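[1] Below are the sequence and a predicted model; questions follow.
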Amino acid sequence: MADAALRLTRLAEELLSVPLPVRIRAWDGSEAGPPGAPVLAIRDRKALRRLLWKPGELGLARAWVAGEIDVDGDLYEALDLLAELIWERDGDVKDAVHPVRDPKLRAAARELLKLGGPLPPPPAPPEELRRHTGRLHTKRRDKESISHHYDVGNDFYSLVLGPSMVYSCAYFPDPDATLEDAQRDKLDLIARKLDLKEGQRLLDVGCGWGSMAIHAARHYGVHVTGVTISSEQAAYARKRVAEEGLADRIEIRVQDYRDVHDGPYDAISSIGMAEHVGAVQYGEYAADLYALLKPGGRLLNHQIARRPLAREEAYHVDAFIDSYVFPDGELAPVGRTVGLLEEAGFEVRDLESLREHYALTLRHWVARLEKNWEAALKMVTPGRARVWRLYMAASALSFEHNKIGVNQVLAVKPAVAGASGMPLRARVWGA
């Protein structure tokens, strides 16, 4: 009799001590769990072997990327229901399924072994980053990490991001605005916060595919230096710049921000880049940008933040994100970011949260990926496409539930005698 789903449901509820909120469909065709709930489809019993060897999030992530588990129904609803059981209590899950002392847990492990089939566990999917060597956040290691995330094909990113090619949260005047309009509004908001004027020099740190550089040069007449350590991004950005006829105003470099020494600049934009810098490097990042600005120059730092922890030393990078999405990426509370910018000498003049805007942006990206799924599979591996779908959907929920946020911090390098050059009512932003 096909009963794998019922056995798994009972086993999960025994281990987790709560009813399972989703329905299980197993590889043998059996189903169990609450009727009408999203279905967690376990298509291959190899997924259970992964969980035995890597309990918690990483085991589940490997099974998802490999296509051994999937969701039938609303992905957002399923992730929402499973989040508290898995992602928000990852350590508890690891403890629960580590059968060392408790006879009940040893029995559960034996049951999983029966259901999962013969050992050893399957190898990790090829999309998983093989661990870097060397000290964290060296230039070489950062370049490898950036390449893992960004050098997966410009056509794929174009499919997900749309014509704007902006890979950071948009700025929606209302929830019904188009993604393209909202991304244009975000770029213009940054330009106005920086008070860009014709003939000025703008440094765009982590320039991506060149969207901010092109917007600033075309609409504000500034001269832009864009730096990225992704070769594919730089090639795409240079092509766009040439097609726009802006090569005389924009220079795109494959260059680490630590190697930029041709200041002073009138303004610096850093949009969705600082998450890659890391805690050990952030003080140097802030000091380097401060040194590159002229007195009175402005920095716009657009950065994802996490909630502060009661014990900050307990912070660890999300296993799925670190292994499949943003290797070595780290999030910090916004207060810590502000503090480090101030320690470098900046005066922080404004902070704006765009948390809900990022949730909307991510839902647009997921919708674009799902709508163009077959086209995406011609550009990247099925595992890579599944990585992006899961991480973007889960991130949208994290923003919606205030697990993470995103902030634009506007800072000034004070001029002589402390002059900021800021208007008394800066929030108008020239609009």
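    Yep, that arrived.
[2] Now for Arg427, how many residues are close by?
    As a burial measure, Arg427 scores 9 neighbours (other Cβ atoms under 10 Å). (Each C-beta comes from the backbone N, C-alpha and C, glycine too.)
[3] Wait, it touches Leu351, no?
    No. Contact between Arg427 and Leu351 fails when scored by Cβ atoms under 8 Å: they sit 11.4 Å apart.
[4] Spell out for me which residue occupies the centre of this structure.
    Of all residues in the chain, the one closest to the mean position by Cα atoms, centre = their mean is Phe326, 6.6 Å from it.
[5] shouldn't it be in contact with His276?
    Yes. Distance between Phe326 and His276: 7.0 Å, which falls inside the contact criterion (Cβ under 8 Å).
[6] what residues are shared contacts of those two?
    Common neighbours of Phe326 and His276 (criterion: Cβ atoms under 8 Å, 6 or more residues apart in numbering): Ser145.
[7] just checking, Gly226 is part of a helix?
    No. Counting by DSSP: H, G, I helix; E, B strand; the rest coil, Gly226 is not found in a helix; it is strand.
[8] Point out where the stretch 51-200 of the chain drops to low pLDDT.
    Applying pLDDT under 70 to the stretch 51-200 of the chain picks out residues 86-102, 104-105, 131-133.
[9] Show me where it has its strands.
    All strands of the stretch 51-200 of the chain, identified by DSSP state E, counting those that start in this stretch, fall at 69-72.
[10] same thing with the stretch 201-350 of the chain?
    Read by DSSP E, counting those that start in this stretch, the stretch 201-350 of the chain holds these strands, from start to end of the chain: 201-205, 223-228, 250-254, 265-271, 293-306, 347-353.
[11] Please work out the average pLDDT along the first one.
    Confidence for strand 201-205, expressed as mean pLDDT, is 98.
[12] and Val222, how far is that from Val325?
    In this structure, Val222 and Val325 are 32 Å apart, going by Cβ to Cβ, to the nearest Å.
[13] Look at the two and report which has more neighbours.
    Neighbour comparison, Val222 and Val325: the larger count goes to Val222, with 24 against 20 (by other Cβ under 10 Å).
[14] quick one: contacts for the more buried one?
    Taking Cβ under 8 Å, 6+ apart as the criterion, Val222 is in contact with Leu196, Lys197, Glu198, Gly199, Gln200, Arg201, Leu202, Ala216, Arg249, Asp266, Ala267.
[15] which residue packs closest to the second one, ignoring adjacent ones?
    What sits nearest to Lys197 in space, not counting adjacent residues and going by Cβ to Cβ, 6 or more residues apart in numbering, is Tyr220, at 6.9 Å.
[16] give the contact list for the one you found.
    With contact set as Cβ under 8 Å, 6+ apart, Tyr220 has these partners: Ala191, Leu196, Lys197, Glu198, Gln200.
[17] Need these in TSV (columns: distance to Gln303 and neighbour count).
    As requested, these are exported to TSV (distance: Cβ to Cβ, whole Å; neighbours: other Cβ atoms under 10 Å):
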residue	distance to Gln303	neighbour count
Ala191	18	22
Leu196	20	25
Lys197	25	11
Glu198	28	8
Gln200	23	19
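[18] Need the max-distance pair from these.
    Ala191 and Glu198 (11.9 Å; Cβ to Cβ).
[19] what's the closest of the contacts of Val222 to Tyr76?
    Each of the contacts of Val222 was checked against Tyr76 using Cβ to Cβ; the closest is Ala216, at 35.0 Å.
[20] what about that closest one, how many neighbours?
    Other residues within reach of Ala216, judged by other Cβ under 10 Å, total 28.
[21] ok, now which ones touch it?
    Counting by Cβ under 8 Å, 6+ apart, Ala216 makes contact with Leu187, Ala191, Leu196, Leu202, Asp204, Val222, Val224, Ser269.
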